[in-house]
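1. Coordinates for the following, if possible.
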Amino acid sequence: MTATKTNERSGTRAQVKYVRSSAYKVREVLNLIRTKSFAEATDILMFSERRISDTVQKCLNSAAANAENNDNIPSEELFVSACYADEGPTLKRWRPRARGRATRIRKRTCHITIILGRYTPEELDAIREQAQLKGSGNQESASESRRRRVDKSKETKTEETIEDTENLEESIAEEDDVNAEDSMEETPDVESSEESPEVESSEETPDIESTEIGSGSEPFGPGSAEPLEDGSAPGPEYVIKGKKAKKIYHPEESSFYGRTKADIWFTSSEVAESAGFRLPNSMQKESEETIEESEVKENDDSSDEGNE
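-> Below you'll find the model as predicted:
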């Protein structure tokens, strides 16, 4: 009984020729994916660190595409039934060395062949049962899982926004209720406060009127009187004009006497000064000068008397 040759095995195959790598290096990678399913072989090649893994991956994808397009076999039912690398032509190059010698460089090539077979229905059932036991039978694709996570995050965000709006509305309603209660409590106080000044004013008005009547005759003591309605003096004896705001009085000899409208009248300068009023600054200087002159004259007179 003769065994089936490798190149005569049934299945969908793909071949890559004249790969610029040695057959030894390619076989190291092919040994990892032999008898593996298409999905497992793809994962192994994806995480392999060897440079030739990319070329082997292209050959594997080409074989799977041939099976799907030509034989109508889905990739889930495929496995690597055979894979091998044959020696290709070797390119010979020369490298100069010491003493005029030359050494040979062998740039090897190879031909990669991958054959994909199809699982039997019994093998597919066993594989699916094993996958279900491991928990990988219900695994969803990356796009589906991402879509599910995005939808879940959107739902949580909408729920949070709804809760925030509800809490905000509740807080606003509570503040409105509190403000309404405060306003209801404050309105009687306002009315009572508005009524109380009227009562107090009505009670205090007689005192104010009495004080005004009492102070109308002599507001700053004896010798002072309020002006008449036209601002004139209440009597001939009142000859001194006074300003309450500035506490200044103007006698008849003051230059401001004629144009000053009196707020208060005094009978004499002594009465005005006793009430706290003073002369204008200009008249204070003149009075100081006159006082100094009188003192000088008195001193001169006393000295003359002493000489005599």
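2. and the residue nearest to Y238 when sequence neighbours are not counted, backbone torsions?
-> Leaving aside its chain neighbours, Y238 sits nearest to W265 (3.7 Å; criterion: CB to CB, 6 or more residues apart in numbering). (Glycine included, C-beta is placed from N, CA and C.) Backbone geometry at W265, expressed as degrees, to the nearest 10, gives phi -120, psi 140.
3. The one 10 residues further on now?
-> With angles defined as degrees, to the nearest 10, A275 shows backbone torsions of phi -80, psi 0.
4. and the closest residue to K107 other than its chain neighbours, what does it touch?
-> Nearest residue to K107 in three dimensions, chain neighbours excluded: L91, at 3.9 Å (CB to CB, 6+ apart). Contacts for L91 were tallied using CB atoms under 8 Å, 6 or more residues apart in numbering; they are 106-109.
5. and of these, the nearest to K58?
-> Using CB to CB, T109 is the member of the contacts of L91 that lies nearest K58, at 16.1 Å.
6. so that closest one touches V19, yeah?
-> Yes. The pair T109 and V19 qualifies as a contact (CB atoms under 8 Å) at a distance of 6.1 Å.
7. quick one, which of those two is more surrounded?
-> Using other CB atoms under 10 Å as the criterion, T109 and V19 rank with V19 on top: 20 against 17.
8. Quick one: residues contacting the closest residue to that one other than its chain neighbours.
-> Take V19 and drop its neighbours on the chain: the residue closest to it by CB to CB, 6+ apart is C110, 5.2 Å away. C110 makes contact with 19, 21-23, 26, 85-88, according to CB under 8 Å, 6+ apart.
9. Same question for S22.
-> Taking CB under 8 Å, 6+ apart, we find S22 in contact with 108, 110.
10. Could you do T55 as well?
-> Residues near T55 by CB under 8 Å, 6+ apart: 16, 19, 21, 26, 112.
11. Write the PyMOL selection for whichever of those residues are buried.
-> Buried members of the contacts of T55, defined by 16 or more other CB atoms under 10 Å, are picked up in PyMOL with:
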select buried, resi 16+19+21+26+112
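12. What about the contacts of T55, which are in helices?
-> Judged by DSSP state H, helices contain the following of the contacts of T55: V26.
13. and the contacts of T55, which two are the farthest apart?
-> Farthest pair in those (CB to CB) is V16 and S21. Separation: 10.4 Å.
14. okay, now the spatially closest residue to K241 that is not a sequence neighbour: neighbour count?
-> Among residues not flanking K241 along the chain, A262 sits closest, at 3.8 Å (CB to CB, 6+ apart). Neighbours of A262 under the rule other CB under 10 Å: 21.
15. again with the one 3 residues further on
-> Residues within reach of W265, counting by other CB under 10 Å, total 26.
16. What are the neighbouring residues in contact with it?
-> So W265 contacts 224-227, 233-234, 238-242 (CB under 8 Å, 6+ apart).
17. per-domain residue ranges of the protein.
-> Domains of the chain are assigned by automatic domain parsing as 8-95+102-122, 225-307.
18. out of these, which comes closest to Q130?
-> domain 8-95+102-122 (11.4 Å).
19. Bridged to G117, which residues?
-> As for beta bridges, G117 partners with F79 under DSSP bridges.
20. where's it relative to L279, distance?
-> From G117 across to L279, the span is 132 Å (CB to CB, to the nearest Å).
21. N167 too?
-> From N167 to L279 the distance is 76 Å (CB to CB).
22. next one: E298
-> Counting by CB to CB - E298 and L279 are separated by 23 Å.
23. the more surrounded of those two?
-> Remark: of E298 and L279, L279 carries more neighbours, 18 against 10, as counted by other CB under 10 Å.
24. that older thread, of the contacts of T55, which is the nearest to V271?
-> Nearest member of the contacts of T55 to V271, counting by CB to CB, is S21, at 130.5 Å.
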